[in-house]
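In: just need the structure, nothing else, for what follows:
(one chain, ligands or ions: 1)
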Amino acid sequence: MLINERLDRLGENPFTRLNALLAPITPRANERPVLLSVGEPQHAPPAFLAETITANGDLWNRYPPVTGTDEYRLAVTQWLTRRYRLKPGALDPARHALILCGTKEGLYLATQLAVPQVETGRKPVVLLPNPFYLVYRGAAAMAGAEIQPMPATRATGFLPDFDAIPPATLERTSLAFLCSPANPQGAVAGLDYLKRAILLAREYDFILVVDECYSEIWDKAPPVGALEACQALGDGFANVLVFHSLSKRSNAAGLRCGFVTGDEKLLARFQTFRSFGAAQVPMPLQAGAAALWREETHVEANRALYRSKFDIAERILGGRHGFYRPQGGFFLWLEVGDSEAAARRLWQEAAIKALPGNYIGVPDESGHNPGDGFLRVALVHDDATLTGALERLAQVL
Ligand SMILES: Cc1ncc(COP(=O)(O)O)c(C=O)c1O
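Out: I've put the predicted structure just below:
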């Protein structure tokens with residue numbers, strides 16, 4: 001019963017809302033519809049993924065370990081150590097890595113584990129950047145938490161300002177989400193920013209969830225990570241959970257594979273929780289996924305393809321609609337006036353779907369939704385499709 005009540009209060013998911021908004025409209029153009037609304041990678045994963053899965057076909061009969069295979073956990077801890085210049089031995093594959101059937105389920109389930117019925121005698125709070133990846137709000141609402149949105153606007157460098165949260169709120173905070181590079185704005189949290197957020201989590205004893213799913217899609221410099229910030233602080237990984245995914249890095253969204261790392265005590269609890277019901281990743285897929293984490297040239301090639309898309313976007317949209325080249329991720333966050341009106345016009349006049357920014361934000365206490373006035377545009381299609389679509393978009397807007 002409680003689940004249904006919470007679900008009713010949560011309301012529709014942004015993509016259902018978008019489809020409902022556009023359903024009465026028939027696109028006027030003779031153009032092929034282009035979905036710039038969904039952040040689904042369109043590049044192919046490297047061929048060795050399918051080859052590795054096939055070569056491990058003798059493992060389909062096995063129940064996969066809920067933690068991930070030793071091979072998988074070793075591959076991800078070695079990748080993390082290389083990527084974030086961690087001290088050798090800082091991560092133990094058996095204690096610091098849990099496989100996930102995509103980070104989406106991990107982010108959701110970690111929130112269910114982290115949010116108690118009461119926090120220091122009152123209703124627990126979950127802090128989330130506003131706007132946000134839809135799962136943060138869904139997970140917090142379904143866990144029964146009070147949601148405290150932290151505006152991530154141009155004025156705050158498109159990242160939430162943790163120092164603006166009153167101590168009384170921090171005292172009853174169970175969990176805070178941070179996304180870097182951020183979906184939708186592409187902002188990257190720097191080392192000092194991450195250190196500050198981690199120190200706050202430790203001072204007020206909440207879990208800092210750092211979603212680094214877009215960490216490998218960057219423009220000029222590789223984003224620093226929360227594990228690096230932990231290392232700089234020098235006290236292990238207490239209070240921090242970091243999520244990584246193969247969906248964007250290796251164009252393997254359909255593989256459903258990622259992992260969570262960080263605080264070993266939290267990971268041990270999470271493992272127990274997951275052992276009762278979380279989805280497992282089949283063993284042949286784990287073998288393919290481990291091969292992906294061990295290999296970097298396909299990631300570099302992928303990054304180059306995204307840079308080319310941002311070059312196209314900059315050429316067509318530079319100087320208009322608040323265009324900026326994000327530090328990471330693959331979204332444009334464009335200022336368009338009325339978000340829904342712009343989405344409707346784009347669909348009607350150019351057969352383009354883009355996501356109204358207000359659908360991935362919530363109003364703050366003053367009633368202002370920081371997603372209002374924005375459109376999220378996913379740069380995932382090939383250069384020719386994207387060029388045509390953005391030229392039409394520029395004309396219509
Ligand atoms: C910010 C963010 N986090 C997590 C995910 C989930 O990715 P996956 O479940 O494919 O690992 C997405 C997917 O779009 C995302 O945008």
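In: only C-alpha atoms for contact and neighbour calcs from this point on.
Out: Noted.
In: quick one: buried residues of stretch 167-182?
Out: Residues of stretch 167-182 classed as buried: 170-182 (neighbour count, 16 or more other CA atoms under 10 Å).
In: how about stretch 313-325?
Out: Within stretch 313-325, the residues scored as buried using 16+ other CA under 10 Å are 313, 316-317, 321, 323-325.
In: same check on stretch 272-279?
Out: Arg274.
In: the residue lying closest to Gln280 once chain neighbours are set aside: neighbour count?
Out: Closest residue to Gln280 apart from its sequence neighbours, by CA to CA, 6 or more residues apart in numbering: Val66 at 5.7 Å. Here the count is done by other CA atoms under 10 Å, and Val66 has 21 residues near it.
In: angles on the backbone of Val242, please.
Out: The phi/psi pair for Val242 (degrees, to the nearest 10) reads phi -120, psi 130.
In: to clarify, my last question referred to Asn56.
Out: phi -110, psi 20.
In: give me the subset of the buried residues of stretch 313-325 lying in helices.
Out: If you go by DSSP state H, the buried residues of stretch 313-325 have 313, 316-317 in helices.
In: contacts for stretch 114-124 next, please.
Out: By CA atoms under 8 Å, 6 or more residues apart in numbering, the residues outside stretch 114-124 that reach it are 126, 143-146, 171-175, 207.
In: distance to the ligand and pLDDT for the ones in helices among the buried residues of stretch 313-325 - can I get that in a markdown table?
Out: Conversion of these to a markdown table gives the following (distance: CA to the nearest ligand atom, whole Å; pLDDT from 0 to 100):
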| residue | distance to the ligand | pLDDT |
| --- | --- | --- |
| Ala313 | 20 | 98 |
| Ile316 | 25 | 98 |
| Leu317 | 23 | 98 |
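In: quick one: name the residues of the chain near the ligand.
Out: 39, 102-104, 133, 183, 211, 213, 245, 247, 253, 256, 258 (CA under 6 Å from any ligand atom).
In: so which of the residues you listed is surrounded by the most neighbours?
Out: Ser245 (29 neighbours).
In: excluding its backbone neighbours, what's nearest that one?
Out: In space, Ser245 is closest to Gly258, 3.9 Å off (CA to CA, 6+ apart).
In: the one you found pairs with what?
Out: Leu100, Ser245 (DSSP bridges).
In: right, and it touches Val242 too?
Out: No. Counting by CA atoms under 8 Å, Gly258 stays clear of Val242, with 10.8 Å between them.
In: low pLDDT regions in the stretch 201-350 of the chain?
Out: Scanning the stretch 201-350 of the chain for pLDDT under 70 picks out no residues.
In: tell me how the protein divides into domains.
Out: 2-44+298-396, 48-295 (automatic domain parsing).
In: single out the most deeply packed of those domains.
Out: domain 48-295 (a mean of 20; mean count of other CA atoms under 10 Å).
In: picking up where we left off before, and the residue nearest to Ser245, what does it touch?
Out: 99-103, 243-247.
In: name the element Arg376 belongs to?
Out: strand 374-378 (DSSP states H and E).
In: partner strands of that strand, parallel or antiparallel?
Out: Here strand 374-378 is paired, per DSSP bridges, with strand 331-335 (antiparallel), strand 355-356 (antiparallel).
In: check what contacts it and list those residues.
Out: 36-39, 184, 330-339, 342-343, 354-358.
In: equivalent analysis for stretch 33-50, please.
Out: 247-248, 250-253, 288-289, 291-292, 298, 302, 330-331, 350-355, 376-382, 385, 389.
In: first-to-last residue distance for that stretch?
Out: Terminal residues of stretch 33-50 lie 30 Å apart, using CA to CA, to the nearest Å.
In: cool, and stretch 349-359?
Out: 21 Å.
In: distance between it and the chain's centre?
Out: 20 Å (CA atoms, centre = their mean, to the nearest Å).
In: cool, stretch 201-218 as well?
Out: The answer for stretch 201-218 is 10 Å, by CA atoms, centre = their mean.
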